[in-house]
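> Prediction below, plus the sequence it came from.
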Amino acid sequence: MQKQGSELHYNFYQIGLNYQKADENTRGLFSLDDSSQKLLLKKALEEGIDGLLVISTCNRTELYGFAKHPYQLIKLLCDHTKGTLSNFENVSYVYKNSEAIKNLFHVGGGLQSQILGDFEIISQIRHSAIRSKEAGLLNSFLERLINAVIQASKRVKNETELSSGATSVAFASVHYIFNSIENVDDKNILLFGTGKIGRNTCENLVKHSNNHITLINRTREKAEKIAGKFNLSVKDFLELETEVKKSDILIVATGAQNPTITKSMIPKDKPMLILDLSIPKNVSNDILELENVNLISIDELSKMTDQTLQKRQSQIPAAHQIIDEVYQEFTQWIENRKFVPTLHALKNKLETLKNNEIIAAKKSLNGSFSEQQAELIGNKIIQKITNQLAHHLKKEVHNSKENIEVIKRMFQLEDSNSNV
């Protein structure tokens, strides 16, 4: 699984961290917003990397790409986030070639989601691929891989019950609210932040209750667009502190890099539930000092057992089987690509032989020789020879390396460069 070009041989790596070893504070250090991702991709292109995918969600930050050494990708990540190399080393993982590829299949298939079977990640992968393409970093290998991962994800979702119960962070939030708060319909709920998690939480709330829900977003138009669908109240960002004091339940789901909800904003004369669904955290830690407040983080929500979890876990073997099928198809494509440089070199060699024979025939046969007819016949013979060899190489995949070497020696072919 190497990128052959110039004198370098690059490997395909996955580097990153996720909820399994990194808590929300550490994940927040390595969080990449849209502008940071664009800057990272630009720098990667300048460094000669020709294939890179960047994924940054509340649960994980990962880079998949070709590099001389994994440290090249790790440095890119550290240089464009608040995280340091020592932070990274304590909680990270690095995988190479087939392991990196298989992990992306598992991520896209919902098997590594913080809540098993949560398929929100696949839209992130699609979006990341679009961003890489715009940056000139979606090479043919990476594009084929992402398409295969999307295909596997669709099959897992459609052919198994891994996502039964439609659990997500948003669903878990609403589930927690209704299980921990009495008379929810009588409570004032404030949702601050209308990104994807905020929108999904809002939708789940509306489905299950007739509560009084107020939306606030830094950009009011975005909040109004969502509120219009559900007939909800919208307030300006400048009214945040006033609305926080009125609320009984506060859901924070913003993309800010620093806490936006502080201790001074919280009323002390009534019980209050705060759910912080943001990465990095957007609720100040000192709020935990308030006895009237129950502060729940995104990690705590994810640890709470969903009623459908046992059923979902029983679907893991079926999901693995589907992923293995698509993975094998992808690795077969990789194997077949190994033949391409040799077949191209062989075709060029045969073209040279054909052209030399045509020149010799023209000299010896003078006016009775049809160069056009000879060209046509020669091309057909070349195509038949290369097709036959390609068919043989695909059938004898386990001996492909030896067969390629035999063909090179037989026809005295030079090594050809090709990108993975």
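Received the coordinates, thanks. Residues are numbered from 1 along each chain as shown.
> what residue ranges in the stretch 51-200 of the chain are flagged as low confidence?
By pLDDT under 70, the low-scoring segments of the stretch 51-200 of the chain are 164-168.
> Tell me where this structure has strands.
2-5, 8-18, 52-56, 60-67, 93-96, 188-192, 212-216, 233-235, 249-252, 272-276, 293-297 (DSSP state E).
> Next, format those as CSV and append distance to residue 131 and mean neighbour count.
For the C-beta atoms, the positions are set from N, CA and C on the backbone; glycine is no exception. Rendered in CSV, the data for these read as follows (distance: least, Cβ to Cβ, whole Å; neighbours: other Cβ atoms under 10 Å):
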stretch, distance to residue 131, mean neighbour count
strand 2-5, 21, 16
strand 8-18, 16, 21
strand 52-56, 7, 25
strand 60-67, 13, 26
strand 93-96, 22, 16
strand 188-192, 27, 23
strand 212-216, 28, 22
strand 233-235, 30, 17
strand 249-252, 26, 24
strand 272-276, 27, 23
strand 293-297, 28, 19
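> Let's have the ones you listed in JSON lines, adding distance to residue 264.
As requested, those are exported to JSON lines (distance: least, Cβ to Cβ, whole Å):
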{"stretch": "strand 2-5", "distance to residue 264": "54"}
{"stretch": "strand 8-18", "distance to residue 264": "33"}
{"stretch": "strand 52-56", "distance to residue 264": "31"}
{"stretch": "strand 60-67", "distance to residue 264": "31"}
{"stretch": "strand 93-96", "distance to residue 264": "40"}
{"stretch": "strand 188-192", "distance to residue 264": "16"}
{"stretch": "strand 212-216", "distance to residue 264": "17"}
{"stretch": "strand 233-235", "distance to residue 264": "19"}
{"stretch": "strand 249-252", "distance to residue 264": "14"}
{"stretch": "strand 272-276", "distance to residue 264": "14"}
{"stretch": "strand 293-297", "distance to residue 264": "13"}
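> quick check: domain ranges of this structure?
For the chain, whose domains are defined here by automatic domain parsing, the residue ranges read 2-165, 169-305, 339-411.
> out of these, nearest to residue 312?
For residue 312, the closest of the domains of the chain is domain 2-165, at 4.9 Å, according to Cβ to Cβ.
> From what I see, residue 142 and residue 50 are in contact.
No. In this structure, residue 142 sits apart from residue 50 without contact. The criterion is Cβ atoms under 8 Å, and the distance is 9.1 Å.
> between the two, who's got more neighbours?
When neighbours are counted by other Cβ atoms under 10 Å, residue 142 and residue 50 differ, and residue 142 comes out ahead with 23 against 19.
> Grab the nearest non-local neighbour of the more buried one.
The shortest distance from residue 142 to any residue that is not its chain neighbour, by Cβ to Cβ, 6 or more residues apart in numbering, is 4.4 Å, and that residue is residue 51.
> before we move on, what about residue 296?
Going by Cβ to Cβ, 6+ apart, residue 296 has residue 275 as its nearest residue, at 5.1 Å.
> And the one you found, how far from residue 295?
With distances taken as Cβ to Cβ, to the nearest Å, residue 275 is found 8 Å from residue 295.
> circling back: let me see the contact set for the residue nearest to residue 296.
By Cβ atoms under 8 Å, 6 or more residues apart in numbering, the contact set of residue 275 is 173, 176, 177, 249, 250, 251, 252, 296, 301.
> cutoff 7 Å now
For residue 275, the contacting residues are 173, 251, 252, 296, by Cβ atoms under 7 Å, 6 or more residues apart in numbering.
> in the sheet, who's paired with it?
residue 251, residue 296 (DSSP bridges).
> what's the neighbour count on the closest residue to residue 29 other than its chain neighbours?
If you skip the residues right next to it in sequence, residue 29 has residue 83 as its closest partner in space, 4.0 Å away by Cβ to Cβ, 6+ apart. Burial of residue 83, expressed as a neighbour count using other Cβ under 10 Å, amounts to 23.
> Residue 299 too?
For residue 299, the count of nearby residues is 18 (other Cβ under 10 Å).
> hmm, back to that, of all the strands of the chain, which one is nearest residue 353?
Across the strands of the chain, the minimum distance to residue 353, taken as Cβ to Cβ, is reached by strand 2-5, at 26.0 Å.
> Save the contacts of residue 275 as JSON lines, and put in distance to residue 282 too.
Below are the contacts of residue 275 laid out as JSON lines (distance: Cβ to Cβ, whole Å):
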{"residue": "173", "distance to residue 282": "14"}
{"residue": "251", "distance to residue 282": "11"}
{"residue": "252", "distance to residue 282": "5"}
{"residue": "296", "distance to residue 282": "13"}
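> Looking at those, which is nearest residue 350?
residue 173 (65.1 Å).
> so the closest one makes contact with residue 301?
Yes. The pair residue 173 and residue 301 qualifies as a contact (Cβ atoms under 7 Å) at a distance of 6.0 Å.
> Pick out whichever of these two has more residues nearby.
Neighbours per residue, other Cβ under 10 Å: of residue 173 and residue 301, the larger number sits with residue 173, 23 against 20.
> Any figure for the gap between that one and residue 240?
Residue 173 is 19 Å from residue 240, where distance means Cβ to Cβ.
> now residue 265
Going from residue 265 to residue 240 by Cβ to Cβ gives 8 Å.
> what residues are up against residue 382?
In this structure, residue 382 makes contact with 347, 350, 351, 354, judged by Cβ under 7 Å, 6+ apart.
> next one: residue 248
The contact partners of residue 248, taken as Cβ under 7 Å, 6+ apart, are 187, 188, 272.
> Count the residues that sit near the first one.
Put plainly, it is residue 187. Residue neighbour count, defined by other Cβ under 10 Å, stands at 19 for residue 187.
> Ramachandran coordinates for it?
phi -100, psi 150 (degrees, to the nearest 10).
> Grab the nearest non-local neighbour of it.
residue 248 (4.0 Å).
> and the one you found, what pLDDT?
For residue 248, the model assigns a pLDDT of 92.
> Residue 192 versus that one, what's the distance?
For residue 248, the distance to residue 192 equals 14 Å [Cβ to Cβ].
> now residue 262
Separation of residue 262 from residue 192 (Cβ to Cβ) stands at 13 Å.
> which residues touch residue 32?
Residue 32 is in contact with 40, 54, 56, 61, 80, 81, counting by Cβ under 7 Å, 6+ apart.
> okay, it: pLDDT?
In the prediction, the pLDDT value recorded for residue 32 is 94.
> same deal with the one 10 residues further on?
Residue 42 carries a pLDDT score of 97 in this model.
> tell me the contacts of it?
So, once contact is read as Cβ under 7 Å, 6+ apart, residue 42 ends up touching residue 135.
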